[in-house]
Structures are given as structure tokens and as C-alpha cells.
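Asker: can't give you the sequence, but here's the structure:
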């Protein structure tokens with residue numbers, strides 16, 4: 001319960017600081033950089049060695065790609081059916097398909113399921129959503145914005161990403177053990193992840209809306225918060241998976257739109273108001289919907 005209180009409190013503080021203009025305009029970028037380069041790698045190095053490598057560890061990765069594939073397909077078919085513009089289609093493919101499984105997902109997973117669930121959440125995020133952002137996301141943004149990215153650039157983006165580097169080292173160092181000083185330092189650094197992330201999210205909070213975006217916004221929210229976790233639950237039931245790994249998969253699938261996906265859409269001028277609105281509204285609603293999904297998965 002204290003973790004959930006921490007999340008909400010820091011989110012409200014971020015929103016307050018945004019309204020009061022207490023921080024510089026680009027302060028959220030600095031906070032995000034701290035998370036990417038310091039806090040999240042520390043968390044990965046601290047938690048991954050605790051993970052048991054069995055078929056339950058594979059499930060989050062497989063499920064992540066199945067969920068994203070389902071979301072991309074149903075969003076594309078809906079865009080064709082409703083005759084959305086290319087800008088709206090591109091934005092929807094990005095923000096509906098890519099969930100906030102890392103920045104928000106890991107803190108919420110910890111709040112609802114405890115620290116023992118973090119390794120599964122990291123696998124879902126790093127080998128699933130993160131790689132999809134740097135491959136599927138960049139390709140979709142480039143296609144619908146009439147730009148392109150070379151495959152070598154995609155590989156470089158993945159291999160240079162600090163949390164991904166930390167993930168590789170965490171697996172390589174499994175069984176070797178850390179020195180005592182590092183065992184003491186890593187938890188302290190990683191404990192800063194949640195407050196810094198949530199303040200950064202609050203500083204970036206956007207709920208602006210245009211009337212012609214009401215339909216895709218409503219459809220996107222249903223797909224993100226209802227259909228995606230329902231599909232993930234079906235995958236777990238079909239594969240006969242129970243326990244903590246299945247709980248992580250469903251809750252990660254229920255996460256709101258990824259902030260980075262919204263930034264990618266905005267930077268490529270793909271319905272920027274719609275993208276920011278979907279990120280903001282899905283985040284606000286997910287604080288309740290993720291809690292509800294917690295009681296569906298046992």
C-alpha cells in the first residue's frame with residue numbers, strides 16, 4: 001500500500017510543480033535521463049540475478065510480443081474500417097501498441113505484486129516493449145511520416161540503451177555474485193526509480209483534447225486498458241500458466257500508453273494532440289484499471 005501511496009503522491013507533486021512552473025521547462029528530460037542512465041540500470045543489476053530461469057521466465061517475453069501484435073493488428077484494422085487519416089493511424093499504432101511497461105510498469109508491478117515480481121516485469125519490458133519501440137515504433141513513425149531509418153541505426157539504438165546494456169551484464173554476472181559494497185549501493189540507487197519517474201510523469205502530464213479526436217481516443221483507451229490485458233489473460237489461460245509470471249503479464253499488458261511512444265508520434269507530427277491526450281488519459285485511468293485487473297488474475 002505504501003508503494004501505491006508513493007506513486008500517487010509523487011505524481012501529484014509533479015503535476016503541482018508543472019502548474020507552478022517550479023522546475024525549468026525541460027526538467028522532465030533531465031529526470032528521464034537519470035532514470036534511463038542510473039536508476040533503471042541499477043534496478044536491473046539488482047533484481048535480474050534473483051530470477052529463476054525456467055519456462056516462467058520465457059512467458060513474459062513471448063506474451064509481450066503476442067499482446068503487442070494483437071494490439072497492432074486490431075488498431076490497423078480499426079483504422080481501415082473507420083477511414084482514419086495516416087497521421088491518426090500512425091499515432092494510434094504507436095501509443096496503443098506500446099505500453100508503459102518500464103517507467104510506470106515496474107513501479108506499479110512492485111506496488112501491486114511486490115519486489116519478487118520485478119524480474120519478470122524487467123524481462124517483459126526490455127526484451128519485449130523496449131525492443132518493439134526501437135524497431136516497430138521507429139518503422140511505423142518513419143512510414144507514416146514519410147521518413148525512414150536504416151536497420152543499422154535500429155540495432156545501434158538497442159545496443160546503446162543503458163538499461164539493455166545493464167540487462168546483458170546482469171545475465172553474464174549471474175552466479176558470480178557482487179562485492180558487498182555493490183550489494184549495498186544498488187538497492188539504494190534503484191529505490192530512487194519510483195519517485196523520480198512519477199515526478200517526471202507529472203511534469204509531462206497532458207490532457208488537451210480536440211473534438212475530432214474523440215473517436216480514436218475512446219477506442220484507443222478501450223484497446224489499451226481493456227482488450228490488451230484481456231488478451232494477455234487469454235494467452236496465460238491457453239498456455240496453462242499460473243502464479244506470479246501470469247500476474248505480471250496481465251498487469252503489464254494493462255499499463256497505459258508508453259510516454260516514449262507518444263514522444264515518437266509527436267516528434268514525427270503524427271496527430272500530436274491525440275498522442276499526448278492518449279498518454280495522459282490512459283495514465284490517469286490506468287491507476288484504477290490496473291488495480292482492478294489485479295483482482296482478476298489469481
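Answerer: Yep, that arrived. Not measured: the values here are computed from a predicted model.

Asker: report the secondary structure state of the closest residue to residue 244 other than its chain neighbours.
Answerer: In space, residue 244 comes closest to residue 117 once its chain neighbours are excluded; the distance is 5.6 Å by CB to CB, 6 or more residues apart in numbering. Where you see a C-beta, it was placed from the backbone N, CA and C, and this is true even at glycine. Remark: residue 117 carries the secondary structure label helix [criterion: DSSP: H, G, I helix; E, B strand; the rest coil].

Asker: I'd guessed residue 117 sits against residue 110; true?
Answerer: Yes - counting by CB atoms under 8 Å, residue 117 touches residue 110, with 6.9 Å between them.

Asker: gap between the nearest residue to residue 123 once chain neighbours are set aside and residue 74?
Answerer: Closest residue to residue 123 apart from its sequence neighbours, by CB to CB, 6+ apart: residue 60 at 4.6 Å. For residue 60, the distance to residue 74 equals 21 Å [CB to CB, to the nearest Å].

Asker: does residue 232 lie in a helix or a strand, and which?
Answerer: Per DSSP states H and E, residue 232 falls inside helix 228-239.

Asker: who's in contact with the helix or strand following that helix?
Answerer: Next helix or strand after helix 228-239 toward the C-terminus (DSSP H and E): helix 244-253. The contact list for helix 244-253 (CB atoms under 8 Å, 6 or more residues apart in numbering) reads 56-57, 59-60, 63-64, 67, 99, 101, 105, 108-109, 112-113, 116-117, 120-121, 124-125, 228-229, 231-233, 235-236, 241, 290, 293-294, 296-298.

Asker: now for the helix or strand following helix 244-253, which elements pack on it?
Answerer: The first helix or strand that comes after helix 244-253 along the chain, using DSSP H and E, is helix 259-267. Helices and strands touching helix 259-267, as assessed by 3 or more CB pairs under 8 Å, 6 or more residues apart in numbering; DSSP states H and E, comprise helix 86-97, helix 138-144, helix 272-296.

Asker: among these, which comes closest to residue 33?
Answerer: With CB to CB as the criterion, residue 33 lies closest to helix 272-296 of these, at 18.8 Å.

Asker: and that closest one, how far out from the chain's middle?
Answerer: Relative to the mean C-alpha coordinate of its chain, helix 272-296 is positioned 11 Å out (CA atoms, centre = their mean, to the nearest Å).
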